[in-house]
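# no sequence on this one, just coordinates:
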């Protein structure tokens, strides 16, 4: 036979798109429309329904960027439609390729009941299942005119990303506001044809494909294109046999779960996310009501909390669907956070705040961590997930790797302490599946564990900007449940999938270490103000808990449970994976910085109140140390009168060659005439930290214009063009009354200036750099280089409750791809007997290179300071930015930990009557992470410690207020008994493994 495949498929596609699909709503009558454009921010629905409306003509432009327009739609169901299903069809000016990224709306009944959303892929609203004819229809649409920012030519700079700079031009024009008969048989025919068209495209030449093509031809021959509703049944009958053919016994099984992946902020502000969540959940609960087996999963306790606060009537529907087992709380976190930059305590609180909410509201505790879209995953996570009670982990983001293809889809992920968690990546490589033929075929074809396991997960629905699953998707799933040539699709709870996968893979492959994303590396640096606010508030939260718990144990101070919960939740929200990484619009980051300032002020007030209760009333200066290491003479996490502190020996300062020499009892540093550090010697060993002939504290400016994803990406070629910023506009030095030496260096470059204070304090081996940059560059990347005379085989970079090692060579493509990597408060390079660390107060990105001269290998570490991408925020990082970082000369991992902690948790001086001892003291090889009162408000004391150096050891915890608390029990990260004999572990003396986290609870007596 002749090859007629292109003729058949071309025919079917055109008829489907141009005749069948339009015929689903072909019989229509216009709705009468009226409108009211709001002048500012959204208003409550009750107020929207009460607005004064004026007549509106379909096709009239509406909606400036970020505006809200209320439409009132009225009409009457024609008597001729009696017995038919009637729907309202509303097209606000949609582009079907941009669901979630442009205008959308929520439809209400006249009594204020929300019905469902309308968006580019979901433009209908049910009016009646069976019309009587003559019914009066009145609907209201709260329409959001969100601007398209990620357009067909993406990544173009725009001022539309902030309501303060966006234009007043109306962006959209409606196309359709009608009542329509829903032709069910035509709708089903459209799904039949679409599923078979997409299936045959994935099949090899052979009987199955040929018979599908013949059936399509037969169906189209049976379809009268001028009378589609009348002949749709005949066309479907021609397709029935090929649709009834069962799948092969060995067919891959896809466990589908409805999904919307609503970014808690991104190309829209938080206030719009709240509305997106309401719109999507309204639609999903409606779809649940319309189907028998559909399951919808939603993560992020924050999003549920928003619905509860802002739209309780929608929350009632959500709760009912959860109780029915159809709406699935998943993930167990407050938000789908970044997992690379937040501290260990923040990750713990993501878990505890999320699980507490789900259990309180639904009596459910999700079993897995659901993070489909975060930009890489810290190797500390497996331990934290397991210690919080989670059984599995899900993501798909690593499929975005630029270079290396991840070798597993279902596997065990091993973290820095050896903990393992069962993990799965969906083999269709998406979290926004529509169950297309190509997606389903890909899931089966590339599943790496096909030899032993039978299936994979598919999150199904329009996502990022919300929208969720459509009735077209549920109809597709029904056809793919058991269809020859296709993987089998069924709606299934992820817990069920993971239980089955574990039983199939009894000896799964193991991936050890970080899940590094070979993309979006610049998220470690973009929007420095956001990252700085996060780091500062994380520390203030821990400090506020410490002093509040101490004061509550020793005085009548009332522990501020509610306020601390609210402040934690605010910080946890800002750790969402498009806020903290710096990849959102200007509006989002402007608000994030504002929220951080408010949070810091509230936490400072709590700290002041608690310290006032502890230090008493008086005029004496009291030095308070929140760090678990000695600092400024104060005991670890205690306070002393300043008058009792010994006067320090001043740092010596002398001139040399136009520069300066700074020295104390531990180190000697040379700053040359250009303000660069040319020597840094550890006096005890005599070791030089700076590579011969090189200079540290070298600011370097790179051109930075990635191929795409401006705020997200830095591409390797950025290194090919670099400018060393060595010219100075000023260089002065002094020693202050506390004996601290400072060299002040000023520079100008491009349209920017930078001022550094190079600081050496008495008794410190850390040379600090306090930097103020007035940044006005465009598409540039600012780094600071430290060429170190250390032959390091690897770097050791702090992660949550420990650190991760990365080799310094690029032997393989996996190592070469890690040309920008992450850290928390320190990165250490060392060789036997000597190490140098870089510490910081708000920096997360760095790069490492090995250099060699005449066979002498050195290591250069560069901290990433500022970027200037123009999308999605064209003003990223512009203006004054501050950094504080330092080089620790001659140290090991514990010393680096200590220096990093002290840089972030500085001593403070208050006025009072006396000092006070720490409430909790630790001994041995552990570091104190947090001291707080228990979340359940019992008054119990919770103490968390961890081993920081990557080696086995011992530890002990002593509580000074023994009369207040009983002997400790060991608990999970959720502060619950471990459930085995280890709960009875002795807090005063215990063993720890490398990077192990231990949490103890001391009951209040």
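Thanks, I have the structure now. All values reported here derive from a predicted model rather than from experimental measurement. Residues are numbered from 1 along each chain as shown.
# In the chain, which residue is most central in space?
In the chain, the centroid-proximal residue (CA atoms, centre = their mean) is residue 577; its distance is 1.9 Å.
# Run the chain-centre distance for the helix or strand of the chain with the lowest mean pLDDT.
Here the helix or strand of the chain ranked lowest by mean pLDDT, DSSP states H and E is strand 639-641, holding a mean of 90. Centre-to-centre, strand 639-641 and its host chain are 40 Å apart (CA atoms, centre = their mean, to the nearest Å).
# Please work out which residues outside it touch it.
For strand 639-641, the external contacting residues (CB atoms under 8 Å, 6 or more residues apart in numbering) are 611, 614-615, 620-625, 633-634, 910, 914-916. To be clear about C-beta, it is placed using only N, CA and C from the backbone, and glycine gets the same treatment.
# Over to stretch 125-142?
31, 42, 45, 48-49, 68, 70-90, 92, 105-110, 115-116, 118, 179, 275, 286.
# What is the end-to-end distance of that stretch?
In stretch 125-142, first residue to last residue: 14 Å (CA to CA, to the nearest Å).
# Of the contacts of strand 639-641, which belong to helices?
611, 614-615 (DSSP state H).
# related to what we said a few turns ago, and the contacts of strand 639-641, which of them are buried?
By neighbour count, with 16 or more other CB atoms under 10 Å, these hold 611, 614-615, 620, 622-625, 633-634, 910, 915-916 as buried.
# For residue 869, which non-adjacent residue is spatially closest?
Spatial nearest neighbour of residue 869, excluding adjacent residues (CB to CB, 6 or more residues apart in numbering): residue 710 at 3.8 Å.
# what's the spacing between the one you found and residue 717?
From residue 710 over to residue 717 the distance is 15 Å, taken as CB to CB, to the nearest Å.
# Distance of residue 333 relative to residue 370?
With CB to CB as the criterion, residue 333 and residue 370 are 8 Å apart.
# Show me which of the two is the more surrounded one.
More neighbours surround residue 333 than the other of residue 333 and residue 370, with 30 against 27 (other CB atoms under 10 Å).
# Report the contact partners of that one.
299-301, 350-351, 354, 369-371.
# and what of residue 904?
535, 539, 825, 841.
# May I see these arranged in a markdown table, with pLDDT, distance to residue 169 and neighbour count as well?
Formatted as a markdown table, the contacts of residue 904 follow (pLDDT from 0 to 100; distance: CB to CB, whole Å; neighbours: other CB atoms under 10 Å):
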| residue | pLDDT | distance to residue 169 | neighbour count |
| --- | --- | --- | --- |
| 535 | 98 | 39 | 23 |
| 539 | 98 | 44 | 22 |
| 825 | 98 | 47 | 26 |
| 841 | 98 | 43 | 21 |
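# which one of the residues you listed sits closest to residue 516?
Distance ranking of the contacts of residue 904 against residue 516, using CB to CB, places residue 825 first at 19.8 Å.
# what's the nearest residue to that closest one if we skip its chain neighbours?
residue 900 (3.0 Å).
# List the contacts of the one you found.
So residue 900 contacts 798, 824-826, 837, 839-840 (CB under 8 Å, 6+ apart).
# Most neighbours out of the residues you listed, which is it?
Busiest of the contacts of residue 900 [other CB under 10 Å] is residue 837, holding 32 neighbours.
# hang on, that one is in a strand, isn't it?
Yes: according to DSSP: H, G, I helix; E, B strand; the rest coil, residue 837 belongs to a strand.
# and the residue nearest to it when sequence neighbours are not counted, how many residues sit next to it?
Leaving aside its sequence neighbours, residue 837 sits nearest to residue 896 (CB to CB, 6+ apart; 3.7 Å). Per other CB under 10 Å, the neighbour tally for residue 896 reads 29.
# can you give me the helices in the stretch 151-300 of the chain?
184-202, 207-222, 228-244, 270-290 (DSSP state H, counting those that start in this stretch).
# Enumerate the positions of the second one that are buried.
Residues of helix 207-222 classed as buried under the neighbour-count rule (16+ other CB under 10 Å) are 208-209, 211-213, 215-220, 222.
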